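Participant: Structure, please.
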Amino acid sequence: MTRYQSVSLDLSDAVLAALGDAADAAGCGPSDYLRTVLTSALSGDPARQRREEEAIRRALHLARGWPDLRRRLRAAGYTLRPGPDGGLSIDRWPRGGAVLDTADLGYSLAGLVLRFGAAYPHSAGRRFALPRHGHAA
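Facilitator: The predicted structure follows:
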């Protein structure tokens, strides 16, 4: 699993504003956008992979629940499936083929379950239970 480190950058007001505008246009936060740009620039990924990752990140960022996430991913040509490691995999739709795991973008299954307030609907026995107030999970 990818481990992330916090860093600080000194950016001019103009660059910071441009970063915010670019992140807004991509539908994600500035940190997510900058991580994607730096990863693509430093790893030599082809432009197609950058566009795929940006579309997936946008869907993950804007989704308000599992059905909304599935709809957004399908509209962009992707689908969400349980991954082999217990996480979630993004595959191409409808022809199939894994693109990446949501955890590679910083979105764990457990984090999405907490954010959406519901278990992943197709986890077949691998559901994460949400703790109830006053009860241990």
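
Participant: And for the residue lying closest to residue 22 once chain neighbours are set aside, the neighbour number?
Facilitator: Nearest residue to residue 22 in three dimensions, chain neighbours excluded: residue 33, at 5.9 Å (C-beta to C-beta, 6 or more residues apart in numbering). Placement of C-beta: from N, CA and C, glycine included. Residues lying near residue 33 (other C-beta atoms under 10 Å) number 23.

Participant: ok, residue 33 touching residue 19?
Facilitator: Yes: Residue 33 is within contact range of residue 19, at 6.9 Å (criterion: C-beta atoms under 8 Å).

Participant: Let me see the mean pLDDT of the longest helix seen in the chain.
Facilitator: Counting residues, the longest helix found in the chain (DSSP state H) is helix 47-62. The average pLDDT for helix 47-62 rounds to 85.

Participant: picking that back up, that's a strand at the residue nearest to residue 22, yeah?
Facilitator: No: applying DSSP: H, G, I helix; E, B strand; the rest coil, one finds residue 33 to be helix, outside a strand.

Participant: Show the contacting residues for residue 75.
Facilitator: If you count contacts by C-beta atoms under 8 Å, 6 or more residues apart in numbering, residue 75 has none.

Participant: immediately after the helix or strand that it is a member of, which helix or strand?
Facilitator: Using DSSP states H and E, residue 75 sits in helix 66-76. Next helix or strand after helix 66-76 toward the C-terminus (DSSP H and E): strand 78-82.
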